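Q: need a structure here:
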Amino acid sequence: MRFSFSSLAVSALLCIGAATAHNIPLKAHSRECFFETLHSGDTMIIGFQTGDTEFGGSGNLDINFWVDDPTGHRLYSKSSVSADDFSFTANRDGKHIYCFGNEAWSSNSKEVSFNIHGTVYVPADGQPADPLEAEVRKLSEELSQVKDEQSYIIIRERTHRNTAESTNARVKWWSLFQLFVLIANGIFQVWWLKRFFEVKRVV
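A: Numbers count the residues shown, from 1 in each chain. Take a look at the predicted model:
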């Protein structure tokens with residue numbers, strides 16, 4: 001069977017579309033919710049990582065995360081986490097809602113980087129018969145995993161860089177404060193010692 005390059009490229013693009021990555025700002029006392037329309041038997045994997053992109057941030061990266069099914073039943077809930085992964089299989093058709101909440105903290109805005117992987121249930125008779133197409137799908141899934149890992153590394157590098165810059169700034173200002181105290185202490189000691197050598201005459 002002949003398989004053209006164009007059909008291979010189209011197949012790869014269609015398969016890569018099953019995984020998406022997003023970066024959203026999460027302000028203090030706020031929440032962001034999203035939904036995915038799933039059918040019974042579909043599998044969805046949600047992974048996220050928080051970061052502090054503001055210089056001099058508080059360093060608190062914890063948020064709340066939860067997932068609700070179409071009936072409002074809570075499938076998963078986690079409080080005070082900075083990174084997590086959750087995988088589930090839909091038991092019914094409809095919108096499955098997942099939310100990120102920063103309502104319990106008054107710290108700086110946080111950036112949430114999250115990835116959504118969707119595996120659509122396909123009956124056995126709907127599986128691709130062409131082994132090349134199956135390999136393309138497998139390759140696209142592995143590429144999406146590499147992309148997710150790179151996104152995770154980028155957000156972690158940004159978080160550690162902001163922490164290092166904040167620490168350097170605090171060390172700098174503390175050193176300047178110590179220098180000021182040392183100079184003031186020296187001036188005070190000179191002034192205090194001069195008092196002992198002053199000649200006081202009563203007229």
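Q: When you work out contacts or count neighbours from here on, use the C-alpha atoms and nothing else.
A: Will do.
Q: ok, and for the helix or strand encompassing F65, which residues are buried?
A: Secondary structure assigned from DSSP states H and E places F65 in strand 63-68. Residues 63-68 are the ones in strand 63-68 that count as buried (16 or more other CA atoms under 10 Å).
Q: Touching that strand from outside, list them.
A: Contact with strand 63-68 is made by 74-82, 96-102, 104, as judged by CA atoms under 8 Å, 6 or more residues apart in numbering.
Q: Please, a PyMOL command that selects the buried ones among those residues?
A: Buried members of the contacts of strand 63-68, defined by 16+ other CA under 10 Å, are picked up in PyMOL with:
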select buried, resi 82+96+97+98+100+101+102
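Q: Save the buried residues of strand 63-68 as JSON lines, and put in pLDDT and distance to N108 too.
A: Converted to JSON lines, those look like this (pLDDT from 0 to 100; distance: CA to CA, whole Å):
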{"residue": "I63", "pLDDT": "89", "distance to N108": "12"}
{"residue": "N64", "pLDDT": "90", "distance to N108": "15"}
{"residue": "F65", "pLDDT": "93", "distance to N108": "18"}
{"residue": "W66", "pLDDT": "93", "distance to N108": "21"}
{"residue": "V67", "pLDDT": "93", "distance to N108": "24"}
{"residue": "D68", "pLDDT": "93", "distance to N108": "27"}
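Q: Would you convert these into TSV that also reports distance to K172?
A: Formatted as TSV, these follow (distance: CA to CA, whole Å):
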residue	distance to K172
I63	31
N64	34
F65	37
W66	41
V67	44
D68	47
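Q: from these, which is closest to F197?
A: I63 (64.7 Å; CA to CA).
Q: Show me what the closest one is bridged to.
A: V81 (DSSP bridges).
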